[in-house]
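S.K.: please work out how this folds:
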Amino acid sequence: MSFELEQLREAAQKYTYHDAATHRVWPRLVWERRSRPPVARLDDAVEFLGKWKALRFKGGGTAFRRICTIWLRKNLTDLRRLQGRVLYSLAHEDFQCILDISSSFRDCGAPPTTYGKALHFFLPETVMLWDRAIVRNTYKLRPDPESFASYQRFGWKLLHHVTRNKTVNMLRQLKRDHARTIGYFEPITMILDHLAFSSKLSARAVAALGGPSKAFLNDLSV
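M.R.: Numbers count the residues shown, from 1 in each chain. Down below sits the predicted model:
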């Protein structure tokens, strides 16, 4: 079963939630302020995670502030190194870094959906969103940092698969076309996120990469 750039474009076109309240805050909170220092964005992070239903654990926003403050103190250097890096261009060691900082977020007390969406907030060009209702259920993934990192690697593999006979300019054109359609810019990580909302297209993507065992391989160097 094939999966090409047109299927990724189809997934973006079929996604119907761009007018939802969650997406209306994404450009302002995530994209427009992405270059600000992470420590200065804590209030924005709490607002974003609240709107995106990622603070549904004991303590909510108050607990997240404490957790994130500790996590930032431990991981600020790695976070800054990844800032602005696009998923398509990541190297093998970058995925190990993503595994390390997501493991640290978990160890600081953040639940899977919380650290998955928080990492997208801080690294919107680098990291895809991660939740249970859509991503983990669709792809049948475990709620742990290893699966989170393998999901990011899946996105990387899929991008390289759909551009194997093309140039990266085709992805840039897809993003421009998508922005004209929805009225604001979304990075390729968000377009890949839309794929999980289509059971048919997401299954085609996994099959095109050789099935779940190859698409979500825990060995981040492969």
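S.K.: show me where this structure has its helices.
M.R.: In the chain, the segments counted as helices under DSSP state H are 5-14, 21-26, 42-51, 60-82, 92-107, 112-122, 137-139, 145-162, 169-182, 188-195, 199-208, 212-215.
S.K.: between these, which one is nearest to R36?
M.R.: With CB to CB as the criterion, R36 lies closest to helix 42-51 of those, at 8.2 Å. Any C-beta I mention is one placed from the backbone N, CA and C, and that applies to glycine too.
S.K.: any idea how far that closest one is from the middle of the chain?
M.R.: 16 Å (CA atoms, centre = their mean, to the nearest Å).
S.K.: and it with helix 60-82, angle?
M.R.: Interaxial angle of helix 42-51 relative to helix 60-82 (axes from the mean of the first three to the mean of the last three CA atoms, to 10 degrees): 120 degrees.
S.K.: give me the buried positions along helix 42-51.
M.R.: 44-49, 51 (16 or more other CB atoms under 10 Å).
S.K.: pLDDT-wise, which helix or strand of this protein ranks last?
M.R.: helix 21-26 (a mean of 84; mean pLDDT, DSSP states H and E).
S.K.: could you export it as PDB, CA atoms only?
M.R.: C-alpha atoms of helix 21-26 as PDB (Å, rounded to 0.1, in the frame of the first residue of the first chain):
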ATOM      1  CA  ALA A  21     -11.000  27.000  20.100                       C
ATOM      2  CA  THR A  22      -7.800  25.000  20.600                       C
ATOM      3  CA  HIS A  23      -6.500  25.900  17.200                       C
ATOM      4  CA  ARG A  24      -7.400  29.500  17.400                       C
ATOM      5  CA  VAL A  25      -4.900  29.900  20.300                       C
ATOM      6  CA  TRP A  26      -2.100  27.900  18.600                       C
END
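S.K.: so how far is it from its chain's centroid?
M.R.: With CA atoms, centre = their mean, you get 16 Å for helix 21-26.
S.K.: who are the packing partners of it?
M.R.: Contacts defined by 3 or more CB pairs under 8 Å, 6 or more residues apart in numbering; DSSP states H and E place helix 21-26 against helix 42-51.
S.K.: and the helix it packs on, what other elements does it pack with?
M.R.: Short answer (3+ CB pairs under 8 Å, 6+ apart): helix 42-51 packs on helix 21-26, helix 60-82, helix 112-122.
S.K.: sorry, back to before: export the helices of the chain to TSV and tack on distance to S35?
M.R.: Formatted as TSV, the helices of the chain follow (distance: least, CB to CB, whole Å):
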stretch	distance to S35
helix 5-14	25
helix 21-26	16
helix 42-51	12
helix 60-82	11
helix 92-107	19
helix 112-122	11
helix 137-139	31
helix 145-162	21
helix 169-182	18
helix 188-195	16
helix 199-208	31
helix 212-215	32
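S.K.: R33 is nearest to which of these?
M.R.: Using CB to CB, the helices of the chain put helix 42-51 closest to R33, at 6.1 Å.
S.K.: run through who's touching that closest one.
M.R.: For helix 42-51, contacts defined as CB atoms under 8 Å, 6 or more residues apart in numbering pick out 21-22, 25-26, 29-30, 33, 55, 60-61, 64-65, 68-69, 114, 117-118, 121-122.
S.K.: with stretch 146-159 instead?
M.R.: Here stretch 146-159 has contacts from 3, 8, 87-88, 90, 95-96, 98-99, 102, 112, 115-116, 126-128, 130, 135-136, 139, 141, 171, 188-189, 192, 205-206, 208-209, 215-218, 220, using CB under 8 Å, 6+ apart.
S.K.: good, we can wrap up now.
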